[in-house]
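Novice: Structure for this input, please:
(one chain, ligands or ions: 2)
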Amino acid sequence: MKQNLIAGAWVDGHDAVENRNPADISEVIGVYARASVEQVDQAVQAANGALRGWASASPQVRSDLLEAVAQKLLARKTEIGTVLAREEGKTLAEAIGETVRAAQVFRFFAGEAVRVAGDAIASLRTDVDVDVVREPVGVVGLITPWNFPIAIPAWKIAPALAYGNTVVFKPADLTPASAHLLTEILYEAGCPAGVFNLVMGQGSVVGNAMSAHSGINAISFTGSVPVGQNLAIDAARSMKKIQLEMGGKNPMVVMDDADLDIAVPVVLNGAFFSTGQRCTASSRIIVDAGIHDAFVDRLVTQAQALTVGNPLDPSVQIGPVVSKKQLVGNLEYVDLARAEGAEVIGGEHVDRDTTGYYQIPAVFLNATNDMRSSREEIFGPCASIIKVSGFDHALSVANDTEFGLSSGICTSSLKYAREFKRQSEAGMVMVNLPTAGVDYHVPFGGCKGSSHGSREQGRYAAEFYTTVKTAYSFAG
Ligand SMILES: NC(=O)C1=CN([C@@H]2O[C@H](COP(=O)(O)OP(=O)(O)OC[C@H]3O[C@@H](n4cnc5c(N)ncnc54)[C@H](OP(=O)(O)O)[C@@H]3O)[C@@H](O)[C@H]2O)C=CC1
Ligand SMILES: O=C(O)CCC(=O)C(=O)O
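Specialist: Ligands and ions are numbered 1, 2, ... in the order given. Next comes the predicted model:
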């Protein structure tokens, strides 16, 4: 059984879970310990005990650790990517790419660790100096989802450690293997005892205990809106710093003047790659009337040609849905879209050589933006096609959502592109590019109901993982 890491020691849990391959549900990838509430408390105490030493360690020590993790991830990218593909279901190419991305994140923050800067600001009083410095927030709790089981942990763990915080990390119960491999690498790279603690298990037990714990100073979470909202309420009660990355119902506008050779692949990628299980997925395709029929013809043909199957097969483009629960939810949305009046192409559950949670990509034609299937996040390979007339109509439909994570436009007009970048109510805006698949060194996050708190990734991550101290000294 794979164990948790608490205070530098590998320990069993109070329970364990079988990690199964969604492409072949008879295959058990491994058995993973689930931590108890008491073990969460032990992890928090260990993180508190290690905080002073890590916060005051040389930035070079922190940088070296993160660089060593990056190197080990790169050296093992195929092995780790294969495990990731087996536990989550994304294709091997995507899974290896995600592992490389995790390594790049660690390398980026290895650099940032030695670049922590402050300000020396002139005081209003002569003979007084004012220094503004950034310090660690303290013990940070990291709660992550199953859809990017190594990249999302990486982009929370790396900045947390770079800026001198200590960590209690809870990965998704569905995908503990990638998180465990990352923990093994941190351990082998010499991360000091207590600086990084892994507590695997269910959100209702482990996540909840972290949320309620007074020894945790900040929580960074990626996942669903209801869980994020509850974490924010708990954080307000216990005065924790909080960062939430949640859902999306991301629009991709296709204007009359779009190049279909660009627009169709952009939509296929954004809507269906990673089986649509990305918070940045394009789930509302808003198409200008003049190009609508030509676009739909090509999109449907190419969506139907996507190869759905075992993610370890190099010819496969779309792997299975992550779990039975997620598949059942997706199929309910397919039925709902049909009942709401959309013409549904694809969307059915299919069998392959193995028994897995395979679903054919679904296109909901003649959808309207007021349908529930166009308003609620599905988190599967499903895209609604909404016909509009002109740019202003497209923009208003794109913004008519409670979410605001990412958005996109396909157009050959500089005017439309510029106006969309300015007026789109989203944290990330793409022109002639998929709404999903972002760079690792620039800010990531949204507005409206998608995100809460400061941005993740790139140098902007310092906002969450540090706190500011203003120091005055009389030099007279
Ligand atoms: N924005 C994004 O990137 C993601 C969005 N989602 C959305 O959420 C939907 C449901 O997915 P799901 O995985 O269930 O998302 P959740 O929000 O339930 O899970 C995200 C993480 O939060 C944990 N968690 C669950 N309950 C609590 C709690 N009470 N306190 C603290 N932590 C908790 C989960 O643990 P556990 O391991 O037990 O689930 C997991 O580690 C998806 O269909 C999708 O719409 C999902 C994943 C990523
Ligand atoms: O689109 C991406 O590159 C990242 C998506 C993501 O972080 C998510 O789905 O949770």
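Novice: mind checking pLDDT for Ala475?
Specialist: pLDDT for Ala475: 75.
Novice: Name all residues that make contact with it.
Specialist: 127-129 (C-beta atoms under 8 Å, 6 or more residues apart in numbering). C-betas here are computed from N, CA, C, even on glycine.
Novice: what about it, distance to ligand 2?
Specialist: 48 Å (C-beta to the nearest ligand atom, to the nearest Å).
Novice: how is the chain carved up into domains?
Specialist: Domain segmentation of the chain under automatic domain parsing yields 4-246+440-474, 250-431.
Novice: Can the first one be said to contact ligand 1?
Specialist: Yes. Counting by C-beta under 6 Å from any ligand atom, ligand 1 has neighbours in domain 4-246+440-474: 143-147, 170, 172-173, 202-204, 207-208, 211, 222-224, 227, 230, 245-246.
Novice: gap between the two ends of that domain?
Specialist: From its first residue to its last, domain 4-246+440-474 covers 49 Å (C-alpha to C-alpha, to the nearest Å).
Novice: Could you do stretch 143-154 as well?
Specialist: One end of stretch 143-154 sits 12 Å from the other (C-alpha to C-alpha).
Novice: Any chance you could list what contacts it?
Specialist: 80, 84, 87-88, 98-99, 101-103, 105-106, 142, 156, 169-172, 174-175, 177-179, 181-182, 203, 207, 210, 219-223, 231, 274, 277-279, 322-323, 379.
Novice: quick one: which of the residues you listed sit in helices?
Specialist: 80, 84, 87-88, 98-99, 101-103, 105-106, 156, 177-179, 181-182, 210, 231 (DSSP state H).
Novice: the strands in the stretch 1-150 of the chain, which residues?
Specialist: For the stretch 1-150 of the chain, applying DSSP state E, counting those that start in this stretch gives strands covering 4-6, 9-11, 15-21, 24-34, 119-122, 128-136, 139-143.
Novice: Would you mind listing the buried residues in the longest one?
Specialist: By neighbour count with 16 or more other C-beta atoms under 10 Å, strand 24-34 contains the buried residues 24, 29-30, 32-34.
Novice: For it, name the packing helices and strands.
Specialist: Helices and strands touching strand 24-34, by 3 or more C-beta pairs under 8 Å, 6 or more residues apart in numbering; DSSP states H and E, are strand 15-21, helix 77-88, helix 176-188.
Novice: Name the residues of the first one that are buried.
Specialist: Which is strand 15-21. The neighbour-count check on strand 15-21 (16+ other C-beta under 10 Å) flags 16-17, 19-21 as buried.
Novice: can you redo the residues you listed as TSV with distance to Val287?
Specialist: Converted to TSV, the buried residues of strand 15-21 look like this (distance: C-beta to C-beta, whole Å):
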residue	distance to Val287
Ala16	49
Val17	43
Asn19	40
Arg20	39
Asn21	37
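Novice: quick one: which of those residues is nearest His441?
Specialist: The shortest gap between His441 and any of the buried residues of strand 15-21 belongs to Asn19, at 31.1 Å (C-beta to C-beta).
Novice: residues touching the closest one, list them.
Specialist: Asn19 sits in contact with 28-32, 87, 174-177, where contact means C-beta under 8 Å, 6+ apart.
Novice: Could you export the helices and strands packed on strand 24-34 as JSON lines, including distance to Ala258?
Specialist: Output for those, formatted as JSON lines (distance: least, C-beta to C-beta, whole Å):
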{"stretch": "strand 15-21", "distance to Ala258": "39"}
{"stretch": "helix 77-88", "distance to Ala258": "32"}
{"stretch": "helix 176-188", "distance to Ala258": "37"}
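Novice: I appreciate the help and will end here.
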